[in-house]
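In: My questions concern the predicted model and sequence given below.
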Amino acid sequence: MNALAPSGLVAVIGSGAMGSGIAQVAAQAGHTVLLFDAKDGAAEKGRSGVLAGLDRQVDKGRLTGTEREAIAARLVVAPALAALADARLVIEAIVESLDVKRQVFSALEEVLATDAILATNTSSLSVTAIAAGLRHPERVAGLHFFNPAPVMKLVEIVSGLASSPLVLDTLYATARAWGKEPVRATSTPGFIVNRVARPFYAESLRLLEEGVADAATIDAVMREAGGFRMGPFELMDLIGHDVNFAVTRSVFDAYFGDPRFRPSLAQQELVAARWLGRKTGRGFYDYGADASKPAP
Ligand code: NAI
């Protein structure tokens, strides 16, 4: 089982929370990484965010200045999708929408070599459906990182119906080479983690909607007494309510409206208000100007 060679060019599409983090992981592992985002200035912003994080690592003595410079030099903003032509592995981390992901994958087929691997970081969508309609659906698979990608060890390697064993093995070995703990899953709504996590969010939201306790109390109970690293509300604020709500919706729809997965009206309101969590400065908690500070 061979990992992608360190000389293999990696491209990441979408430079939000996940894309930037994944780009950092690949660049730290020694790859040159092209970062592309459809929104003007977003890839530059994503790159600056990564560099600021590396600076903090240097300050803490976890990284040398020379290592920081080398990683920064390997992380390159791509001006257009066409600039990704030489990539051996493309990791898509854009909006959680099947239609948009399919459009991006078919555009990628036009520019990439036929044996380049196309991976999606989708949290919940069918990898089979993302690949369907492509000329080479066998080179598509899920490579699902967790937030924040540079810190979280787990990566789900998700097989669609058409995914080739060689592609899956390469992704598995690559995740290992990048210091991650890969686990294999088949393309089912939410895979392993996001399926198990749905009731964690849903029951917490129901407790809040029923007025049983406030968000801070539920978070503290789960964190301090329950042993979870983060409570459900601070975790949803970290993930982003737009992303978390879209994932729940997609799992709910994919399980034919199973009430276990019904999305929350309270969360729908947060999305409508653009109170998306840390990334917009407000979600269940108010982060003021500093979205990087921990939830109160
Ligand atoms: P985000 O909203 O922070 O970033 C998405 C980025 O994609 C934005 O910069 C946007 O401009 C860009 N984008 C949208 N459409 C595009 C297109 N057609 N071409 C190029 N760029 C485009 O989203 P986030 O949180 O980074 O999530 C991205 C993906 O990762 C989603 O599929 C999500 O389900 C998945 N994911 C999210 C996690 C989280 O905790 N937020 C955890 C694991 C997976």
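Out: Thanks, I have the structure now.
In: can you map out the helices along the stretch 51-200 of the chain?
Out: Assigned by DSSP state H, counting those that start in this stretch, the stretch 51-200 of the chain shows helices spanning 65-74, 98-111, 127-131, 165-177, 193-209.
In: Verify the stated contact: A116 with V90.
Out: Yes. Using Cβ atoms under 8 Å, A116 is in contact with V90, at 6.5 Å. Where C-beta positions appear, they are placed from N, C-alpha and C, glycine not excepted.
In: Between those two, which is the more surrounded one?
Out: Just comparing A116 and V90: by other Cβ atoms under 10 Å the higher neighbour count belongs to V90, 26 against 21.
In: mind listing what the more buried one touches?
Out: V10, A11, V12, I13, L84, L108, L112, A116, I117, L118, A119 (Cβ atoms under 8 Å, 6 or more residues apart in numbering).
In: out of the residues you listed, which one sits closest to the ligand?
Out: Distance to the ligand across the contacts of V90 (Cβ to the nearest ligand atom) is lowest for I13, with 5.1 Å.
In: Report how many residues lie close to the residue nearest to the closest one when sequence neighbours are not counted.
Out: Ranked by Cβ to Cβ, 6 or more residues apart in numbering and with sequence neighbours excluded, the top spatial neighbour of I13 is E92, at 4.8 Å. Neighbourhood size, E92 [other Cβ under 10 Å]: 26.
In: Let me know whether E92 touches A119 as I believe.
Out: Yes. The pair E92 / A119 is scored as a contact, 6.9 Å apart, by Cβ under 8 Å.
In: one step back: out of the helices of the stretch 51-200 of the chain, which gets nearest to A220?
Out: Closest of the helices of the stretch 51-200 of the chain to A220 is helix 193-209, at 12.3 Å (criterion: Cβ to Cβ).
In: Could I get the buried residue list for the helix or strand that the closest one is followed by?
Out: The first helix or strand that comes after helix 193-209 along the chain, using DSSP states H and E, is helix 215-220. For helix 215-220, a neighbour-count test (16 or more other Cβ atoms under 10 Å) marks A215, I218, D219 as buried.
In: List just the nearest of these to W275.
Out: A215 (12.5 Å).
In: Could you measure from that closest one over to Q268?
Out: 16 Å (Cβ to Cβ, to the nearest Å).
In: quick one: secondary structure of V12?
Out: What DSSP: H, G, I helix; E, B strand; the rest coil gives for V12 is strand.
In: residues in contact with the residue nearest to it when sequence neighbours are not counted?
Out: Sequence neighbours aside, A23 is the residue nearest to V12 in space, at 4.4 Å (criterion: Cβ to Cβ, 6+ apart). By Cβ under 8 Å, 6+ apart, the residues touching A23 are V10, V12, S15, V33, L35, G46, R47, V50, L75.
In: dump the residue contacts of whichever residue of the stretch 151-296 of the chain sits closest to the ligand.
Out: Across the stretch 151-296 of the chain, the shortest distance to the ligand (Cβ to the nearest ligand atom) belongs to I239, at 3.7 Å. Taking Cβ under 8 Å, 6+ apart, we find I239 in contact with N147, G277.
In: go on, the one 3 residues further on?
Out: Contacts here follow Cβ under 8 Å, 6+ apart; on that basis D242 touches V271, L276.
In: Leaving out sequence neighbours, find the closest residue to V58.
Out: Nearest non-adjacent residue to V58, counting by Cβ to Cβ, 6+ apart: R68, 5.2 Å away.
In: Could you double-check that the one you found lies in contact with Q57?
Out: Yes. Applying Cβ under 8 Å as the test, R68 and Q57 come out as touching, 7.3 Å apart.
In: For M18, pull up the helix or strand it's in.
Out: Using DSSP H and E, M18 falls in helix 17-28.
In: State the number of residues packed around the residue lying closest to I22 once chain neighbours are set aside.
Out: Closest residue to I22 apart from its sequence neighbours, by Cβ to Cβ, 6+ apart: A149 at 4.9 Å. Counted with other Cβ under 10 Å, the neighbours of A149 add up to 22.
In: contacting residues around the residue in the chain positioned nearest to the ligand?
Out: Using Cβ to the nearest ligand atom, G16 is the residue of the chain that sits closest to the ligand, at 1.9 Å. By Cβ under 8 Å, 6+ apart, the contact set of G16 is D37, A42, G46, A93, K279.
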